[in-house]
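Peer 1: okay, sequence plus prediction incoming.
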Amino acid sequence: MSPTDVKPEAAPADMITLPEKVEMKKTREGFGRALVDLGEQDPRIVVLVGDLKESTMVHFFAQRFPERFIQVGIAEQNMMCISAGLAAMGKIPFLATYGAFASCRSADQMRVTVAYSNLNVKIGGAHGGISVGPDGATHQAMEEISIVRSIPNMSIIVPCDFWETYKATIAAAKHDGPVYLRFGREDVPVVTDKDTPFTFGKGEVFAEGTDLSIIACGVMVYEALRARETLATQGISARVVDLHTPKPLDRALIERCARETGAIVTAEEHQVNGGLGGAVSEVVVQTAPVPMELVAVLDRFGQSGKPAELMDAFGLRAKDIVAAAERVMQRKRSRA
Amino acid sequence: MSPTDVKPEAAPADMITLPEKVEMKKTREGFGRALVDLGEQDPRIVVLVGDLKESTMVHFFAQRFPERFIQVGIAEQNMMCISAGLAAMGKIPFLATYGAFASCRSADQMRVTVAYSNLNVKIGGAHGGISVGPDGATHQAMEEISIVRSIPNMSIIVPCDFWETYKATIAAAKHDGPVYLRFGREDVPVVTDKDTPFTFGKGEVFAEGTDLSIIACGVMVYEALRARETLATQGISARVVDLHTPKPLDRALIERCARETGAIVTAEEHQVNGGLGGAVSEVVVQTAPVPMELVAVLDRFGQSGKPAELMDAFGLRAKDIVAAAERVMQRKRSRA
Amino acid sequence: MTLNTLSANDISVGHAPGRLAWPVEMLKAKALHIRRDIITLLAKAQSGHSGGPLSSTDFGTALFFHELNVDPTNPRWPERDFWHFSIGHVTPVIYSLMAERGYFPLKDLMKFRSFDGHLQGHPSKHDTPGIEVSAGSLGQGLSVCCGVAMASRFDQHPRRIYCVMGDGEQEEGQIWESSMFAAHYKLDTLCGIIDYNRKQIDGDVEDVIGIKPLADKWRAFNWNVIEVDGHDIPQILAAFAAAREHKGQPTVILAHTIMGQGVSFMADDYRWHGKPPRMDEAEVALKELGTSYAEWSARLLAN
Amino acid sequence: MTLNTLSANDISVGHAPGRLAWPVEMLKAKALHIRRDIITLLAKAQSGHSGGPLSSTDFGTALFFHELNVDPTNPRWPERDFWHFSIGHVTPVIYSLMAERGYFPLKDLMKFRSFDGHLQGHPSKHDTPGIEVSAGSLGQGLSVCCGVAMASRFDQHPRRIYCVMGDGEQEEGQIWESSMFAAHYKLDTLCGIIDYNRKQIDGDVEDVIGIKPLADKWRAFNWNVIEVDGHDIPQILAAFAAAREHKGQPTVILAHTIMGQGVSFMADDYRWHGKPPRMDEAEVALKELGTSYAEWSARLLAN
Ligand SMILES: Cc1ncc(C[n+]2csc(CCOP(=O)(O)OP(=O)(O)O)c2C)c(N)n1
Ligand SMILES: Cc1ncc(C[n+]2csc(CCOP(=O)(O)OP(=O)(O)O)c2C)c(N)n1
Ligand SMILES: [Mg+2]
Ligand SMILES: [Mg+2]
């Protein structure tokens, strides 16, 4: 679906309006496809994997460009530093593994060798979020935003769907410096299309609203759009912002949301401590303090289950955003 | 010095009042001394080190209890998991290395093996902060609060001086669950004494004030107390809170500060993204949104230099807190 | 295969506390039951790993039903031996071994990886009684076992410690950190077992990142190395016995196995590393193993 | 020691671009200068590591003034060989080698670790021209060099890659990850050099965590191993030559050295790992090295 296929009803200016039934597609496939297209355009693109070729969908690249594909085996520390060496010689390496290992197993290597050297390494962290499902807590990466955001020179993008992951991957290649890309495992709703604008480091207002702003990243952008529909039926006008790049952070847009709508709900499939909600909180208190509610994983480990069950159980649904919006509206009203 | 030695002038109720000249002592020595005392009391205490016996000051323990001391060599990943195994068998292991390595090199091991298992492992992260000095950026750990805070089941304490590090170490041993202790390298002002209250998970109001609250941890508590003196001369009454435990966070105290003083400055020797300032921001926007300013390292790597030079250059001095307090007061006034 | 020594309904005999020291024929019968458990629980969950669990079944059975001194109803019994699977992804075999040994009811296996069960995709101390340390990120388990061995030494407790590793897992540097540590401290109560099935997720280990000559590596790290056919129970028992006898060095058993062993269409095929059989495939597999899904799931649910 | 082939003022001769291929006597003379530089800059900074830099001086000098094909005035010259110290803490020898080779003025050494200099406590790409990748956390450098070797292979560039490691550093698991990788990909342009000085921060390596038999370990990881006296320049040059000739495997040179070599009161004493000489100690050391602080600091400051 694309904005042009669908006649927007509620808010004519909205960039995104969801049809009733939305196409489902894996974000990681956007990563895998973009790598192939990048490989066609730029001989400096090199892809590395830590024994997870298909899960991370770098097998597309491996098939097309076997001579520029490096299997590193189960050695994430090594992979991070090999990428640094490749970047030092002018290559543009993309490494791929699960986000839990990309962000934690090679954190020191990311900090010292990659980030401190400011080398042009791109880190593909697959299987972010509780929606990873049956593999359970160890494989459900939910700390990446906090970790990566704390390291100087690093950037992190958390795209919302297949197309945005595709664009984020292309944008990461164009950006000169280390970038962490976080994407998920499951099929998730495709809310953008090929032509939806995407700018590295800039949030995108997907739908206008005046009473509060829902600032989301990853699959929670879809849930936010759905929450907005419900809120509209209650007479609450919610702006939905796709803040796909927790770092560098679009501080101006966050401040604008705080000032214009006076209340903010953040939504992320990530630990509540130091994630997107934390990043937005930091800007809000420093610019325009307004009530906020944070929809996120409440400082607990994940567990096995079906992705949908877990999204429900961990409070990461449109209805949870709606409830948070109601709370924040009440707080906003009681201040006025 | 102790509160009873000094006659408080400005605010009779203050827990801490600084004399003109303050004794200087290393926080890491508080760690090393406490380990010996713990060892005397509890045979379950075991200490591990990664080839940094004297820098982390566990040599005191090693001398006293060689039979309960484990040299692991340069293998931080191994050390984290060995500690997990010891804890699984009922020991109370304290591991010691530089904070850069404790938090990053063994982050995956901390997350999966220690925290997910909720094992009783205590992590001593030495050399936190820019004040590490001449060793430079790689050895100046400034991401620990963000990283540790994002991992469920983990706690983190950032004590402000020798005595508080001593007490934090004792408190960590008493707490059932994994705890990260962050302390520094240099001699720093001793602002507390043997009897100053310390409760794990609770902040301490070191000095009362009504116009704003300065919430600090680590060596910045001293700077905050000095800043308060300067602010007092400008007719600004600043509360100083020693928030030594960024996790579990004393949310009630933060909310109280926001409500009672209407403005907050946080101060930490740590990256600005996701650290103490981030933790406080998250609570403030969710409870009582008030203007805040964050004094911290502004998302840049450290560098070599003398500790004092670096504290100046990185804006981590009383004067920087004063400037932040002036900014926040102006914002507070313009809202009223 | 023969069941003449142990029928499918002889369940409680496997629950006795202490070191069972079962004879070979009983172990073979139990190994067959374990393989049936693995296929059945995977078919039910439609999620999880087939290959490694089946290659680990024979030495796993020998470990649980011959070698280990444990009390399943009192998992933290102070006298216990310690066992740990560093390859957390082989939960189908871990949980089957645990259930057959009596740590929890067999019927729990039918809730593998399910939201309302206690059997997580990877071993979770928080969820499952008898799991002492969570796992799932490779390379960490041998270090954990070093810690257990040191604790036992401090307590002057003679407990033995067994750590199961993968061959792909040997690519993780932490394995070599713990290997060096264990040899340095002469942790001879420690016995590693490597499921040397020559496969990992992306293919043959030697194609991904070669680990040969693996025995030489461990020897150069000052370990006592024993190589066995990992599907030959007498050889495995002999290796355990030799490991017990060997003093002054930790022992590692290189168990040469076949990924997916016991199910013809899975055997030696890396594509079975991480996926479960579809229900129709499970039926074929269970037929090869002498039962059916209906029969075996009924046995699990009834116990 | 003799300076008859290279006086202390023959500075620019060391700055020529390309592979210098200096003869042994000139290398010995330069190594003496480097040792004087190390002591002088440490005495000035009153911070930094003495032991490892002095044990690495001889092979470091052979590397920079005989073996490496580099252009110091154009550090990113596309034809360059690649060198990297994985032991980032030995900056005193790294910076001395770089300055003597012409990467930056000798006088910069007098601002080692100072706030207003560009010579960080550990190598920083951001600060120092010629440092291609930052370092300071042990165990990471050989992986970096693997990446450089792969990039060079992709570009069909024959550049040689040299990586200096420590012996204590061998305890880091990542060393063995990169070791396995390099052998798997037959990175024969890669040459590791281990400063085998038998010491690390907390004492003798064999007391901390033993790494013996180190040559066997590297051989079991499929490397070509050459052992040399790391203070014998002809042996070092022969090893470099043999490494160049050896095809199909990476080569590691175990350079048997003495921590603190060249200064009597530092030699073979682990307590000199991480501290600088006091000024009075530096004078004694510099006297043993045939100069004085006044003389040598003047040379540095003038160039
Ligand atoms: C640190 C880490 N990296 C990657 C993974 C993903 N992973 C799970 S199993 C596996 C392959 C393991 O190979 P092997 O040890 O041979 O086990 P087998 O495939 O034989 O069961 C990988 C890469 C992981 N669990 N942990
Ligand atoms: C990952 C990591 N852990 C710990 C340290 C602290 N450290 C710096 S040098 C050193 C000892 C290194 O020993 P060795 O490689 O033998 O070097 P030498 O002492 O001989 O110079 C240690 C532990 C570090 N820099 N990096
Ligand atoms: Mg295998
Ligand atoms: Mg050494």
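Peer 2: Yep, that arrived. Residues are numbered from 1 along each chain as shown, chains lettered A, B, ... in the order given. Ligands and ions are numbered 1, 2, ... in the order given.
Peer 1: how about the residues of chain C near chain A?
Peer 2: Proximity of chain C to chain A, by C-beta under 8 Å from any C-beta of the partner chain, involves residues C:45, C:47-48, C:88, C:113-115, C:117, C:119-122, C:124, C:126-127, C:134-139, C:168-169, C:171-173, C:200-202, C:207-209. C-beta coordinates here come from the backbone N, C-alpha and C atoms, glycine included.
Peer 1: name the surrounding residues that touch stretch C:168-175.
Peer 2: Contact partners of stretch C:168-175, identified using C-beta atoms under 8 Å, 6 or more residues apart in numbering or on different chains, comprise A:51, A:73-75, A:77-78, B:75, B:77-78, B:81, B:109, C:86-87, C:138-140, C:142-143, C:165, C:194, C:199-201, C:205, C:208-209, C:211, C:214, C:217, D:139, D:172-177, D:180.
Peer 1: ignore what I typed, I meant stretch A:35-47.
Peer 2: For stretch A:35-47, contacts defined as C-beta under 8 Å, 6+ apart pick out A:58, A:60-62, A:64-65, A:68-70, A:86, A:90-96, A:169-170, A:173, D:150-151, D:154.
Peer 1: what's the spacing between the nearest residue to residue A:56 once chain neighbours are set aside and residue A:160?
Peer 2: Using C-beta to C-beta, 6 or more residues apart in numbering or on different chains and skipping the chain neighbours, the partner closest in space to residue A:56 is residue A:96 (3.7 Å). For residue A:96, the distance to residue A:160 equals 20 Å [C-beta to C-beta, to the nearest Å].
Peer 1: strands - which of the residues of chain C next to chain A land there?
Peer 2: Per DSSP state E, strands hold the following members of these: residue C:200.
Peer 1: for the lengthiest helix in chain A, which positions count as buried?
Peer 2: Ranked by residue count under DSSP state H, the longest helix found in chain A is helix A:318-335. Across helix A:318-335, burial judged by 16 or more other C-beta atoms under 10 Å in any protein chain shown covers A:318, A:320, A:321, A:322, A:323, A:324, A:325, A:326, A:328, A:329, A:331, A:332.
Peer 1: of these, which are in range of chain C?
Peer 2: Applying C-beta under 8 Å from any C-beta, the subset of the buried residues of helix A:318-335 adjacent to chain C is empty.
Peer 1: from these, which is closest to ligand 3?
Peer 2: Using C-beta to the ion, residue A:320 comes nearest to ligand 3 of the buried residues of helix A:318-335, at 40.8 Å.
Peer 1: show me what the residue found closest to that closest one once you drop the neighbours it is linked to in the chain is bridged to.
Peer 2: Nearest residue to residue A:320 in three dimensions, chain neighbours excluded: residue A:295, at 5.5 Å (C-beta to C-beta, 6+ apart). Beta-bridge pairing of residue A:295 under DSSP bridges involves residue A:267.
Peer 1: what pLDDT does the model give residue A:295?
Peer 2: Residue A:295 carries a pLDDT value of 98.
Peer 1: need the contact list for the residue nearest the centre of chain A.
Peer 2: The residue lying closest to the centre of chain A (C-alpha atoms, centre = their mean) is residue A:158, at 1.5 Å. For residue A:158, the contacting residues are A:128, A:145, A:182, A:183, A:217, A:218, A:244, A:245, A:246, A:268, A:270, A:276, by C-beta under 8 Å, 6+ apart.
Peer 1: what's across from the first one in the sheet?
Peer 2: Right, residue A:128. According to DSSP bridges, the partner residues bridging residue A:128 are residue A:141.
Peer 1: is stretch C:261-281 positioned near ligand 1?
Peer 2: Yes. Stretch C:261-281 reaches ligand 1 (C-beta under 6 Å from any ligand atom) through residue C:273.
Peer 1: send me that stretch as PDB with only the CA atoms.
Peer 2: This file holds the C-alpha atoms of stretch C:261-281, laid out as PDB (Å, rounded to 0.1, in the frame of the first residue of the first chain):
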ATOM      1  CA  GLN C 261      21.500 -38.800  14.400                       C
ATOM      2  CA  GLY C 262      18.600 -41.300  14.600                       C
ATOM      3  CA  VAL C 263      16.400 -39.700  12.000                       C
ATOM      4  CA  SER C 264      17.400 -40.700   8.500                       C
ATOM      5  CA  PHE C 265      16.300 -37.500   6.700                       C
ATOM      6  CA  MET C 266      17.900 -35.200   9.400                       C
ATOM      7  CA  ALA C 267      21.200 -37.100   9.700                       C
ATOM      8  CA  ASP C 268      24.300 -35.100   8.800                       C
ATOM      9  CA  ASP C 269      22.400 -32.200   7.400                       C
ATOM     10  CA  TYR C 270      23.100 -28.800   8.800                       C
ATOM     11  CA  ARG C 271      19.800 -27.400   7.600                       C
ATOM     12  CA  TRP C 272      18.300 -29.300  10.600                       C
ATOM     13  CA  HIS C 273      20.300 -27.300  13.000                       C
ATOM     14  CA  GLY C 274      17.600 -24.900  14.000                       C
ATOM     15  CA  LYS C 275      14.300 -26.100  12.700                       C
ATOM     16  CA  PRO C 276      11.600 -28.500  14.000                       C
ATOM     17  CA  PRO C 277      10.100 -31.200  11.900                       C
ATOM     18  CA  ARG C 278       6.700 -30.400  10.400                       C
ATOM     19  CA  MET C 279       4.000 -32.700  11.800                       C
ATOM     20  CA  ASP C 280       4.200 -35.000   8.800                       C
ATOM     21  CA  GLU C 281       8.000 -35.200   9.000                       C
END
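Peer 1: report the separation between residue C:90 and ligand 2.
Peer 2: Residue C:90 sits at a distance of 31 Å from ligand 2 (criterion: C-beta to the nearest ligand atom, to the nearest Å).
Peer 1: I'd assumed residue C:56 was in contact with that residue.
Peer 2: Yes. With contacts counted by C-beta atoms under 8 Å, residue C:90 reaches residue C:56, the gap being 5.6 Å.
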